[in-house]
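Student: 3D, please:
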Amino acid sequence: MEPIEIAELIKGKFASEVKDIVEFQGQVAVLIKKDKLLDIMTFLHKTPELHFDYLADLCGVDYLGKKEVRFEVVYNLLSIKYNKMIRIKAEVPEDDCAIDSVIGIWVGADWHERECYDMYGITFKGHPDLRRILMPEDWDGYPLRKDYPLKSDLGDKEWKAFKEVIEIGKKNLAYEVR
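Tutor: Residues are numbered from 1 along each chain as shown. This is a model prediction of the structure:
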């Protein structure tokens, strides 16, 4: 079964949840509402003729000012048995920035979901250990959001430990110059 046929199969079974199907450069993406994410992913994983047994990647996307729904979580799924790939994109609105965790289906989603949470602030409901993975625990904000400040002087948003390191460096430099 080809990826576009798989996408149509998803649309046939979950018609009210599928918002769009896009085929580009031989890759197929299915844009869905987030409410039935676990049902759709379980269907893709458990249906014998599909058998999407491998979550290759999961990432967040911020469409600030470009789409009505600001965030998406993108899942790249592979069926090793059938050598097929499909992309599922779930919309996550800014005012309800949470989506179900898929760890119960693919345990490898653990760190991917933590990274997405850490960088975008998207919460994964049901994740057993949702905490920062790349940034320090006391980091303020989500660095891959489009509205995250880019300048180096962040004022109150500057990471406290970074300020401390800079001060120590200044003191050490002053000490060496004497």
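Student: From now on I want contacts and neighbour counts done on CA atoms only, so please keep to that.
Tutor: Fine.
Student: what about the longest helix seen in the chain, average pLDDT?
Tutor: Ordering each helix of the chain by length in residues (DSSP state H) puts helix 160-177 first. Helix 160-177 carries an average pLDDT of 73.
Student: just stretch 52-68 next, same as before
Tutor: Per-residue scores along stretch 52-68 average to 97.
Student: what do you get for stretch 110-129?
Tutor: 98.
Student: For that stretch, measure first residue to last.
Tutor: Using Cα to Cα, to the nearest Å, the end-to-end distance of stretch 110-129 comes out at 8 Å.
Student: what are the ranges of the helices in this protein?
Tutor: All helices of the chain, identified by DSSP H, fall at 3-13, 37-46, 109-120, 160-177.
Student: I'd like those helices as JSON lines, with distance to Lys19 appended.
Tutor: Shown next, in JSON lines, are the helices of the chain (distance: least, Cα to Cα, whole Å):
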{"stretch": "helix 3-13", "distance to Lys19": "9"}
{"stretch": "helix 37-46", "distance to Lys19": "13"}
{"stretch": "helix 109-120", "distance to Lys19": "22"}
{"stretch": "helix 160-177", "distance to Lys19": "43"}
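Student: I'd like those helices laid out as CSV, including mean neighbour count and distance to Leu55.
Tutor: Below are those laid out as CSV (neighbours: other Cα atoms under 10 Å; distance: least, Cα to Cα, whole Å):
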stretch, mean neighbour count, distance to Leu55
helix 3-13, 16, 16
helix 37-46, 17, 10
helix 109-120, 22, 7
helix 160-177, 11, 35
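Student: Relative to Leu77, which of these is closest?
Tutor: helix 37-46 (8.9 Å; Cα to Cα).
Student: coming back round to it: ok, which of the helices of the chain comes nearest Ala56?
Tutor: Closest among the helices of the chain, using Cα to Cα: helix 109-120, at 8.9 Å.
Student: And the contacts of the closest one?
Tutor: With contacts defined as Cα atoms under 8 Å, 6 or more residues apart in numbering, helix 109-120 is touched by 55, 57-62, 101-103, 122-124, 127, 130-135, 142-145.
Student: From those residues, keep the buried residues only.
Tutor: With neighbours counted by 16 or more other Cα atoms under 10 Å, the contacts of helix 109-120 contain buried members at 55, 58-62, 101-103, 122-124, 127, 130-133, 142-145.
Student: now, which of those lie within strands?
Tutor: Using DSSP state E, the members of the buried ones among the contacts of helix 109-120 that fall within strands are 55, 58-62, 123-124.
Student: circling back: right, and the helices of the chain - which one's nearest Lys81?
Tutor: Of the helices of the chain, nearest to Lys81 by Cα to Cα is helix 37-46, at 11.7 Å.
Student: Only alpha carbons, please: show that closest one as CSV.
Tutor: Extracted as CSV, the C-alpha positions of helix 37-46 are listed here (Å, rounded to 0.1, in the frame of the first residue of the first chain):
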residue,chain,number,x,y,z
LEU,A,37,-4.3,11.4,18.1
LEU,A,38,-4.0,8.3,20.1
ASP,A,39,-6.7,6.5,18.2
ILE,A,40,-5.1,7.4,14.9
MET,A,41,-1.6,6.4,16.0
THR,A,42,-2.9,3.1,17.5
PHE,A,43,-4.6,2.4,14.3
LEU,A,44,-1.4,3.0,12.3
HIS,A,45,0.6,0.9,14.7
LYS,A,46,-1.7,-2.1,15.3
